[in-house]
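Visitor: Got a predicted model here, sequence first, then my questions.
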Amino acid sequence: MGKQNKCTVLLLAAILLPAWISTLYGATPADESFSTYIMDEDMRITQAPSRPFTISYGAWVTPVIIDERYGSNELATSVTTTRLWVRASLWGTSYLYIRGKHQYQTVLVEENMTAEDNDHIVDLDVGYLHLSNTSGSVQLSLGRKFFIIGTGLILNGRGDGGELEIYTSIADIKILGSYTGLLNKDNNPYNLSEADYADGAKRVFAGGTISRSFYNQTLYVFGLGQIDLADEEDTRKVRYQSQYYGGGLNGVIFSNLRYYGEFAYETGTSYLSGTDTQGDIKAHAGQAGINLFIHTVLNPVLILQYAYGTGDADRSDHRSPTGNTVGDDTGFLYFGTFTGGYALRPVLANLHVFRGGLGLSPFSFSRYRTLRRITLLGKYTYYRKYDSEAYINYGEAPFDNSDVGQGIDAALRWRIFNDLSLFANYAVFFPGKAYASDEETRHFMMAGMTLAL
């Protein structure tokens, strides 16, 4: 199992539990992303008012079993993540928040797939100072935290830096800047090149959002610049310099219909593969979705989603900064977290992703609160290439055909008590005509629990 796939599995274990809850309840348009950590109990405390100069603290442990298989290939791993957090309230709504993380992975089954056994990751997950004026109209955060632009499509992850938020009667403004080179290199989602993996992804992000809310709707525009500071050899250029511009709209209609839509255009420069010649980046992407909440027995939620990212017929790897071999680089490359099915785990480049799903509370009628906390979610996904001649992901689906395939995701989430939750999921991907006829069906299974202390 390569480093990129290994990192993906570790990140899945860390984010999957809160992700489905966001999907069911529409908490955030980027429903399967890092931003969903706001659903965790310590972040609820962080956002809640408290007496000045008091300290709160806690921890939670999440053991997970992950099993991936296709044909005779199988990899089963156990990943246990422990987080410890402390919050010190200052004055008003200002506070200091610190959260550490330890992650331990061990391999249970290895058949033609590999991963590092007994792999430890110890890291400062987040740690920042949050300052606010009395009315909350001006807020400043400094330190290591999660940074997000829009739905999280172009940027959604941790970094060291600052974020200024200003709320006015005309518009709301968010300005951010972060550096990722100090993150643990084994726990860094910004890795693209070999230099990133060896030294840690040394990237600077600077940008912001201007938004305006009206009648339960929010319209926003954004801009983001990414500066690659990776160490380079004279004969091997790898720096990928990119800028993003776009906007979006989200809101609530008729109290039970929530929607979102976002578009991003990418410019910048990248090196042609194996050369010191630069080409222009001309790529774009977007995503949209609706959640319809039906007020009846089982509390059903209907989910429709669409996302796309442009591709490049000259690219063999849509996550490589030097994947382009000739001409302009039209393959969309981003620093967010897109999850479009756990069996395929697609990169949102050279791809159209159509998804439909249903969420249910099967015991919503029960007199027992514990049973009412069981939720089920199922999603069907259809994948098509943006450019039929190009590859997807890291070099998959090589044939000149737009039919990538279909996927099914199913999830169970049971919050037994306030401090104990169980979760499980199963995903399958059926390859389409863009793959060889003997391409194996892929399966992904995961189960675990979260215990808050």
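Guide: Structure received. Residues are numbered from 1 along each chain as shown.

Visitor: so where do the helices sit in this protein?
Guide: Applying DSSP state H to the chain gives helices spanning 3-25, 41-47, 194-199, 369-372.

Visitor: Go ahead and confirm S213 touches D172.
Guide: Yes. Under the criterion of C-beta atoms under 8 Å, S213 makes contact with D172 at 7.4 Å. Where you see a C-beta, it was placed from the backbone N, CA and C, and this is true even at glycine.

Visitor: If you count surrounding residues, which of those two has more?
Guide: Shown here are S213 and D172; by other C-beta atoms under 10 Å, D172 has more neighbours (17 against 14).

Visitor: Just give the closest residue to that one, not the sequence neighbours.
Guide: In space, and not counting its chain neighbours, D172 is closest to S211: 4.8 Å by C-beta to C-beta, 6 or more residues apart in numbering.

Visitor: same thing with Q103?
Guide: Per C-beta to C-beta, 6+ apart, closest to Q103 is I121, 4.2 Å.

Visitor: Check whether the one you found really touches K101, as I assumed.
Guide: Yes. At 7.4 Å, I121 and K101 qualify as touching, with contact defined as C-beta under 8 Å.

Visitor: okay, the two: which has more neighbours?
Guide: Using other C-beta under 10 Å, the more surrounded residue of I121 and K101 is K101, with 18 against 15.

Visitor: Hmm, G279 and N324 touching each other?
Guide: Yes. Contact between N324 and G279 holds when scored by C-beta under 8 Å: they sit 5.8 Å apart.

Visitor: between those two, what contacts are shared?
Guide: Taking C-beta atoms under 8 Å, 6 or more residues apart in numbering as the criterion, N324 and G279 both touch 270, 272.

Visitor: Between those two, tell me which one has more neighbours.
Guide: Between N324 and G279, counting by other C-beta under 10 Å, N324 is the more crowded of the two (27 against 20).

Visitor: how near is that one to I303?
Guide: 35 Å (C-beta to C-beta, to the nearest Å).

Visitor: Once you drop chain neighbours, what's closest to A397?
Guide: Using C-beta to C-beta, 6+ apart, the nearest residue to A397 is A434, at 3.7 Å.

Visitor: And the one you found, how far from T325?
Guide: Distance, A434 to T325, using C-beta to C-beta: 20 Å.

Visitor: Which one's more surrounded, the two?
Guide: Higher neighbour count among A434 and T325: A434, with 23 against 16, using other C-beta under 10 Å.

Visitor: show me the contacts for Y215.
Guide: G251.

Visitor: returning to that earlier point: pull up the overlap in contacts between I121 and K101.
Guide: Both I121 and K101 are contacted by N187, under the criterion C-beta under 8 Å, 6+ apart.

Visitor: Give me the distance between the most far-flung residue of the chain relative to its centre and I374.
Guide: Largest separation from the mean C-alpha position in the chain: R367, at 35.9 Å (C-alpha atoms, centre = their mean). Note on R367: its distance to I374, by C-beta to C-beta, is 14 Å.

Visitor: In the stretch 251-400 of the chain, where is pLDDT below threshold?
Guide: Along the stretch 251-400 of the chain, no part satisfies pLDDT under 70.

Visitor: How about E389: what's its closest non-neighbour residue?
Guide: Per C-beta to C-beta, 6+ apart, closest to E389 is A313, 4.4 Å.

Visitor: and that neighbour, how many neighbours?
Guide: The number of residues near A313, taken as other C-beta under 10 Å, comes to 16.

Visitor: so G223 sits right up against Q243, yeah?
Guide: Yes. Counting by C-beta under 8 Å, G223 does reach Q243; the two are 7.4 Å apart.

Visitor: Run through the bridge partners of the nearest residue to A307 once chain neighbours are set aside.
Guide: Distance criterion C-beta to C-beta, 6+ apart; nearest residue to A307, sequence neighbours excluded, is Q287 at 3.8 Å. Judged by DSSP bridges, the bridge partners of Q287 are E262, A307.

Visitor: Return the residues in contact with Q287.
Guide: Q287 touches 29, 151, 153, 260-262, 305-308, 338, 348, counting by C-beta under 8 Å, 6+ apart.

Visitor: Please report the distance of it from Y306.
Guide: With distances taken as C-beta to C-beta, Q287 is found 7 Å from Y306.

Visitor: Can you point out the buried residues in stretch 140-160?
Guide: Neighbour-count burial for stretch 140-160 flags 140-141, 143-160 (criterion: 16 or more other C-beta atoms under 10 Å).

Visitor: Could you give the backbone dihedrals for T296?
Guide: The phi/psi pair for T296 (degrees, to the nearest 10) reads phi -150, psi -170.

Visitor: wait, what's in contact with the nearest residue to A88 once chain neighbours are set aside?
Guide: Using C-beta to C-beta, 6+ apart and skipping residues adjacent in sequence, the residue nearest A88 is L96, 4.5 Å away. Counting by C-beta under 8 Å, 6+ apart, L96 makes contact with 87-88, 90, 128-130.

Visitor: try F254
Guide: F254 touches nothing, counting by C-beta under 8 Å, 6+ apart.

Visitor: now swap in the one 5 residues further on and tell me
Guide: Y259 is in contact with 250-251, 253, 288-291, counting by C-beta under 8 Å, 6+ apart.

Visitor: so which of the residues you listed comes closest to R239?
Guide: Of all these, R239 sits closest to A288, with 32.3 Å by C-beta to C-beta.

Visitor: Skip the chain neighbours and tell me the closest residue to that closest one.
Guide: Spatially, and ignoring its direct neighbours in sequence, A288 is nearest to G261 (3.9 Å; C-beta to C-beta, 6+ apart).

Visitor: The one you found: what's it in contact with?
Guide: Each residue near G261 by C-beta under 8 Å, 6+ apart is listed here: 248-250, 286-289.

Visitor: where along the stretch 251-400 of the chain do the strands fall?
Guide: Taking DSSP state E, counting those that start in this stretch as the test, the strands found in the stretch 251-400 of the chain are 257-271, 278-293, 301-309, 351-360, 374-384.

Visitor: Just send those strands back as a markdown table, with distance to R236 too.
Guide: Output for the strands of the stretch 251-400 of the chain, formatted as a markdown table (distance: least, C-beta to C-beta, whole Å):
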| stretch | distance to R236 |
| --- | --- |
| strand 257-271 | 9 |
| strand 278-293 | 14 |
| strand 301-309 | 26 |
| strand 351-360 | 29 |
| strand 374-384 | 33 |
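
Visitor: which stretch among those comes nearest Q105?
Guide: Of the strands of the stretch 251-400 of the chain, nearest to Q105 by C-beta to C-beta is strand 374-384, at 26.0 Å.
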